[in-house]
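>>> Whatever this is, show me its structure:
(one chain, ligands or ions: 2)
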Amino acid sequence: MSVIYDKIALIGLGLIASSMALAIKRAGLAREITGYARSQQTRDIAREIDLCTVCDTATDAVRDADLVVLCVPVGAMAAVMADIAPALKPGATLSDVGSVKKAVIDAVGPHVPAGVHFVPAHPLAGTEHSGPRAGFAELYDNRWCIIVPADGSDPAAVARLADLWRGMGANVDEMDAEHHDLVLAVTSHTPHLIAYTMVGVADDLSRVTDSEVIKYSAAGFRDFTRIAASDPTMWRDVFLSNKEATLEILGRFTEELFALQRAIRTEDGDHLHDYFTRTRAIRRGIIEAGQDTDAPNFGRAVKPR
Ligand SMILES: NC(=O)C1=CN([C@@H]2O[C@H](COP(=O)(O)OP(=O)(O)OC[C@H]3O[C@@H](n4cnc5c(N)ncnc54)[C@H](O)[C@@H]3O)[C@@H](O)[C@H]2O)C=CC1
Ligand SMILES: O=C(O)C(=O)Cc1ccc(O)cc1
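Ligands and ions are numbered 1, 2, ... in the order given. Prediction:
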């Protein structure tokens, strides 16, 4: 791989940015990587692990950068952008990795100076861990990165960012923001909410079940607890900023749940059997289509020890 951007600036040095820095270095995709995080502690850790050139202000990090990537929680993107906007180099590309796209485009877009190319993106890869120590170079290998070109995005800037993500190991697709947010509400956001709920229910019952919930956790519940350990700030922001699509999917989810609840109450075994037969076919279809790669879901990646 060869250099795609001379200088890349990563704002927010958590799981996603640190994995980007390691994947960029692995493939030699940039000559220089700078980074900034709000907390002194995070900057100190990033320096200690030699992640990138860590700056004490966001404006120092983005100065002269050819690509700036916002890697902060979705709700923090607008404020960060307002701070760095005057320091962006004309002709630079600005991107982000937020889990929601329409709200980010609406919040960040108005701050983007003329002459800066805004190309939002979202890598469909992550874990429940946070912070600069959580990153690993393989996180994006064989995962999807969805690029969501804003209206009037420069095709050359889009193609260059796609090359960067491919260089980091990802497969790249394009989608519009609204469609992205609906697809992610189904595949990621609502499942996270269900996991949070299930773990909350188990916790509410803990007086009755004592420690048995943990002791006898089968794989399904263990996955729920893993997901429910994800960063609370990040997920608060995801739900508040993908409100419409999440509520739409939750509405459908509760309708189906009530139908299953009724089938159990009325002992309608045919309903249950038909439903589970249908869902099994969906799972098998995913496997036959080769969509289920080494990890059973895109968030299953585990940091190699
Ligand atoms: N964690 C995951 O599995 C995935 C997360 N994302 C998205 O990536 C973004 C970053 O997530 P992670 O790296 O997981 O989070 P993280 O919690 O590991 O890191 C976030 C970083 O942003 C910094 N930060 C927070 N607020 C800030 C502010 N106002 N100004 C400057 N820095 C600030 C924090 O200090 C931290 O360094 C989020 O927008 C999230 O939606 C996308 C794909 C997967
Ligand atoms: O850890 C998991 O299971 C995930 O689902 C990771 C993840 C979280 C948020 C995203 O926007 C994309 C991927």
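>>> Run a quick neighbour tally on Arg143.
By other Cβ atoms under 10 Å, the residues close to Arg143 number 21. The C-beta positions use only the backbone N, C-alpha and C, and glycine is treated the same way.
>>> Excluding chain neighbours, what is closest to it?
The shortest distance from Arg143 to any non-neighbouring residue, by Cβ to Cβ, 6 or more residues apart in numbering, is to Ala125 (3.8 Å).
>>> Next, that neighbour: phi, psi?
With angles defined as degrees, to the nearest 10, Ala125 sits at phi -150, psi 140.
>>> Isn't it up against Leu139?
Yes: the criterion here is Cβ atoms under 8 Å, and Ala125 meets it with Leu139 at 5.2 Å.
>>> Tell me, what's the model's pLDDT at Ala202?
Reading off the confidence values, Ala202 has pLDDT 84.
>>> Could you pick out the residues of this protein near ligand 1 for me?
12-17, 37-39, 42, 71-74, 76, 79-80, 97-99, 123, 126-127, 130-131, 231, 234, 238 (Cβ under 6 Å from any ligand atom).
>>> ChimeraX command for the buried members of these?
Buried subset of the residues of the chain next to ligand 1, written as a ChimeraX selection, criterion 16 or more other Cβ atoms under 10 Å:
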select :12,13,14,15,16,17,37,42,71,72,73,74,76,80,97,98,99,123,126,127,130,131,231,234,238
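>>> What are the phi and psi values at Val172?
phi -120, psi 140.
>>> Identify the spatial nearest neighbour of it, chain neighbours not counted.
Nearest non-adjacent residue to Val172, counting by Cβ to Cβ, 6+ apart: Ala162, 4.5 Å away.
>>> Tell me which stretches of this structure form helices.
Secondary structure of the chain, counting by DSSP state H: helices at 15-27, 40-48, 58-62, 77-84, 102-108, 155-167, 177-184, 190-204, 206-209, 212-215, 219-228, 232-241, 243-265, 269-288.
>>> any idea how far Ala134 lies from ligand 2?
Note on Ala134: its distance to ligand 2, by Cβ to the nearest ligand atom, to the nearest Å, is 11 Å.
>>> right, and Arg166 touches Val172 too?
Yes: using Cβ under 8 Å, Arg166 is in contact with Val172, at 5.9 Å.
>>> For ligand 1, what's the nearest residue on the stretch 101-250 of the chain?
Proximity of the stretch 101-250 of the chain to ligand 1 (Cβ to the nearest ligand atom) peaks at Gly126, 1.8 Å away.
>>> Find me the pLDDT at that residue, would you?
For Gly126, the model assigns a pLDDT of 96.
>>> same question, Ala301
The model's pLDDT for Ala301 equals 39.
>>> same question, Val97
Val97 is given a pLDDT of 98.
>>> I'd say it and His122 touch.
Yes: counting by Cβ under 8 Å, His122 is a contact partner of Val97 at 6.3 Å.
>>> which residues of the chain score low on pLDDT?
For the chain, the stretches with pLDDT under 70 are 1, 207-210, 292-305.
>>> the domain parsing of it - what is it?
Following automatic domain parsing, one gets these domains for the chain: 5-175, 179-266.
>>> For Ala121, see how far away Asp141 is.
17 Å (Cβ to Cβ, to the nearest Å).
>>> Which residue comes closest to Val112 once chain neighbours are left out?
Among residues not flanking Val112 along the chain, Phe118 sits closest, at 4.6 Å (Cβ to Cβ, 6+ apart).
>>> Flag every residue of the protein that's near ligand 2.
99, 124-128, 188, 227, 299.
>>> Give me the nearest residue to the residue most central in space within the chain, chain neighbours excluded.
Geometric centre of the chain, nearest residue: Ser99, 4.4 Å, by Cα atoms, centre = their mean. Spatial nearest neighbour of Ser99, excluding adjacent residues (Cβ to Cβ, 6+ apart): Val238 at 5.0 Å.
>>> isn't the one you found right up against Val100?
Yes: applying Cβ under 8 Å, one finds Val238 in contact with Val100, separated by 5.8 Å.
>>> Quickly list what's touching both of those two.
Common contact partners of Val238 and Val100 (Cβ atoms under 8 Å, 6 or more residues apart in numbering): Val74.
>>> measure the closest residue to ligand 2 within the stretch 101-250 of the chain to Ile227 for me?
Ligand 2 sits closest to Gly126 of the stretch 101-250 of the chain, with a gap of 3.1 Å, by Cβ to the nearest ligand atom. With the distance defined as Cβ to Cβ, Gly126 ends up 10 Å from Ile227.
>>> do the same with Ala170
Note on Ala170: its distance to Ile227, by Cβ to Cβ, is 21 Å.
>>> can you tell me which residues contact Asp237?
Residues counted as contacts of Asp237 (Cβ under 8 Å, 6+ apart) are 73-76, 100.
>>> run the last query once more with 10 Å
72-77, 98-100, 103-104, 231 (Cβ atoms under 10 Å, 6 or more residues apart in numbering).
>>> Great, nothing more from me.
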